[in-house]
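In: predicted structure and sequence below. I'll ask about it afterward.
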2 protein chains.
Amino acid sequence: MSTPVDAALGTSPRTSPSTSLGRLAMNQATIPRWSTAEAIEGCTRAGYGAIGLWRDRLEPDGAARAGKLARAAGLAISSLCRGGWFCAPDAAGRRERAADNRRAVDEATELGAAMLVLVCGPAATKDLEAGRREVSDAIAELAEYARPAGVPLAVEPMHPMYCGDRSVVVTLPEALRIARSVVEGGVGVVLDSYHLWWDPDLTASMASAAGNVLGVQLADWLAPPPHPLEGRGMLGDGTIELRRFLELADTTGYTGPVEVEIFNREVWQADPTETLAVVARRYAEHVA
Amino acid sequence: MSTPVDAALGTSPRTSPSTSLGRLAMNQATIPRWSTAEAIEGCTRAGYGAIGLWRDRLEPDGAARAGKLARAAGLAISSLCRGGWFCAPDAAGRRERAADNRRAVDEATELGAAMLVLVCGPAATKDLEAGRREVSDAIAELAEYARPAGVPLAVEPMHPMYCGDRSVVVTLPEALRIARSVVEGGVGVVLDSYHLWWDPDLTASMASAAGNVLGVQLADWLAPPPHPLEGRGMLGDGTIELRRFLELADTTGYTGPVEVEIFNREVWQADPTETLAVVARRYAEHVA
C-alpha cells in the first residue's frame, strides 16, 4: 500500500513554501508523536523549510530513507542530533564512543544533514578540567573522520544545569575554544537560547563567535523550571528575549535555519500538526 | 519554666569547641526542623563555631534574642539570609523592597551577623540588562545604609538555573563587578559551590575575587538534579570537587567560616542532630 510518504518519494521536490515561514525550522524533539517519515511529511505540509532529526528516531536503515524522503519533499535537514557523550572511564569505553560517533557522521552523510550536534560530556570523574580535555581530544579525532565526509561538527554549549550529567561545555566561550582548537576546521558551535540566555557576557560572546556558528535553536525558559530536562517553554511563554537572542546570533553572520526545539511534556502530548501551527504563530510574534 | 536555651543566656560564653571542626559552620536552612533557638543550642553542642541564620525563621523580636543566645553560647553568626529581591515593576514596589532590606540590615546588626546575603533578582521584565542595572543601583543605595551600621552586604552569584525566578547575577565576575561598583565599600561576594562549580573560568574568577570574599557556602550537586530548588546534595554525594573549590576560595585570602547549606527534602526530614554529625564527617572526608 502506498502511503503519502512513499508517494512523496516519487515526486519531484515541491516548490518550497518556506518563504512564508522564513528561516523557521522544526526540531523533531518537539513533535515526538510522529515518526521520522511523518515528521518530514508534516513539516513540509506546514510550510517549514528545514527539520532537525534525531538518531534515536531513525528506523533501521532509516538515515538513507529519511534523507531520500526529505530531498524528495524539498525539506532541508538542518541538523542531526546527536553525537558526543565522549567521556568514559577507560580506553575501551572511549573507543566504543568514538566508533558510535563515526556511525553518527555516516548517518549525517546519508541524511545530507547540515551539521552533527555534539553533546560534550558528562565527565567520567569529578575532574571537570580533565573531562573538558577529553572532550576536546575526542572532537579533534572525530573531526578527522567528519571533514572528508563534509559533515560539520557542532559543539553545543549546554545550560550549566546539565554540567553534571550531560555536558561539561556550558558556556559559549568554552565551546568556541574547543571548536577553534581544531585548526584544520570542520568544527563550529550551535547556539540555543535555552542554554545561553542567562550569560551576562552574551553580547560579547556572540560577537566573538562570528564565522563559527553552524546553527541556532530556540526554546523559552519557564520560571521556575517545571522539570530540569522536560520543562522547556514554548516560544513566548518564558523569560527569554528571543528576538534579541536571534539578533545577537545574526551578528555572527549566521543566516541559516532557526530550529525550534522544545522538551516539554505538554507540548509532546499535543497534536503535532497543531504544534507546528502554534510554533509558526509564536515565532512570528516573538522572534521574526 | 527555664529551658536549656534560656539557661544558656545566663552563662558566660562556652569555650568554643570549634577547633575540632575547624572552619565548618552550619546554615540554618540545612536543619529546618529546629527553631532558631534550638539551632543555636544544637550547633553549639555539636561543636560548630558559627551558624548562618534566616530572616524568615526569626521569631518576632527574634533578632535581638537570637543574637543574645548566640553570643552567650559563643557561637558566631556567619551570615543572615537574606536580603535582596530588589526589582519591582514600579517605584512603589522598589521602595517597599528597599524598606524591607533596611530592616534586614537592622536585624543583621542586632544579630551581630558577619554579613547580609543578597538575592539579586529576579528581573521585573525580560530585559536582563535592565534587571542587572536595577540590582546594582539598589545595592549601592542599600550600602549607604549598611556601611554606618557595619553590616557587609554579600552579593551571591546564583546558579544560572535561577536566572528566571531568583537572581540575575549568575556568575562570579558579574557579582564582583557589582560589588566593586560601590566604590565607598561595604559590599562583597559570597561563594557557594553549588552555584559556581560549573564555571570553566572558575580558577581565574576566584583569583580575581581576592579581597572581596565575605563568605563561603558548600553543597554538592546531584546529577541529574532531583529538584530545581530542593535537590542540593550532601557533601560527597555529588559531582563537585569540594576540596578544590575551598582551595580556590582560599586563594582569595578568605579565612572565615565555611557554611554548609543544603536544600534537600531528605536532609530536611532527618534528625538535625544526626545531620550535624553527618555534615561534620563528610566535611572531614571531602573538604578539610
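Out: Sure, I can see it. Everything numeric here is computed off the predicted structure, so don't read it as measured data. Numbers count the residues shown, from 1 in each chain, chains lettered A, B, ... in the order given.

In: list, one by one, the residues from the stretch 151-288 of chain A near chain B.
Out: A:159-161, A:163-165, A:169-171, A:173-174, A:197-201, A:221-225, A:228-229, A:238-241 (CB under 8 Å from any CB of the partner chain). Glycine gets a C-beta too; all of them are placed from N, C-alpha and C.

In: now, the residues you listed that are in helices?
Out: Among those, DSSP state H puts A:Pro173, A:Glu174 in helices.

In: just the buried members of the residues of the stretch 151-288 of chain A next to chain B?
Out: Buried by 16 or more other CB atoms under 10 Å in any protein chain shown: A:159-161, A:163-165, A:169-171, A:173-174, A:197-200, A:221-223, A:225, A:228, A:238-241, out of these.

In: point me to the residue of the stretch 51-200 of chain A nearest chain B.
Out: Residue of the stretch 51-200 of chain A nearest chain B, by CB to the nearest CB: A:Gly164 (2.9 Å).

In: that residue touches B:Asp220, doesn't it?
Out: No - with contacts counted by CB atoms under 8 Å, A:Gly164 stays clear of B:Asp220, the gap being 9.7 Å.

In: follow-up on the earlier one: so which of the residues of the stretch 151-288 of chain A next to chain B sit within strands?
Out: A:Trp221 (DSSP state E).

In: ok so, going back, contacts only, for the residue of the stretch 51-200 of chain A closest to chain B.
Out: Applying CB atoms under 8 Å, 6 or more residues apart in numbering or on different chains, we find A:Gly164 in contact with A:Pro122, B:Trp221, B:Leu222, B:Ala223, B:Pro224, B:Pro225, B:Gly238, B:Thr239.

In: adding pLDDT, write these out as CSV.
Out: Below are these laid out as CSV (pLDDT from 0 to 100):
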residue, pLDDT
A:Pro122, 98
B:Trp221, 98
B:Leu222, 98
B:Ala223, 96
B:Pro224, 93
B:Pro225, 92
B:Gly238, 98
B:Thr239, 98
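
In: for A:Val189, see how far away the closest residue to A:Tyr162 other than its chain neighbours is.
Out: Spatial nearest neighbour of A:Tyr162, chain neighbours left out: A:Val170 (7.1 Å); criterion: CB to CB, 6 or more residues apart in numbering or on different chains. Distance from A:Val170 to A:Val189, counting by CB to CB, to the nearest Å: 13 Å.

In: next: A:Cys43.
Out: 24 Å.

In: try A:Glu134
Out: A:Glu134 sits 19 Å away from A:Val189, going by CB to CB.

In: before we move on, what about A:Arg282?
Out: A:Arg282 is 25 Å from A:Val189, by CB to CB.

In: of these two, which one has the most company?
Out: Neighbour totals were compared for A:Arg282 and A:Val189, and A:Val189 leads with 27 against 20 (other CB atoms under 10 Å in any protein chain shown).

In: what bridges to the more buried one?
Out: Assessed by DSSP bridges, A:Val189 has beta-bridge partners A:Val155, A:Val213.

In: the longest strand belonging to chain A pairs with which strands, and in what direction?
Out: Taking DSSP E as the criterion, chain A has its longest strand at strand A:76-84. If you go by DSSP bridges, strand A:76-84 pairs up with strand A:50-54 (parallel), strand A:116-119 (parallel).

In: and the next element down the chain from it?
Out: helix A:91-111 (DSSP states H and E).

In: next one: that following helix to chain centre, how far?
Out: With CA atoms, centre = their mean, to the nearest Å as the basis, helix A:91-111 stands 17 Å off its chain's centre.

In: quick check: mean pLDDT of it?
Out: Per-residue pLDDT over helix A:91-111 has a mean of 97.

In: that one - contacts with which helices or strands?
Out: helix A:62-73, strand A:76-84, strand A:116-119, helix A:128-149 (3 or more CB pairs under 8 Å, 6 or more residues apart in numbering or on different chains; DSSP states H and E).

In: now do the contacts for the spatially closest residue to A:Arg33 that is not a sequence neighbour.
Out: In space, and not counting its chain neighbours, A:Arg33 is closest to A:Pro272: 5.4 Å by CB to CB, 6+ apart. Contacts for A:Pro272 were tallied using CB under 8 Å, 6+ apart; they are A:Ile31, A:Arg33, A:Trp34, A:Glu38, A:Ala39, A:Gly42.
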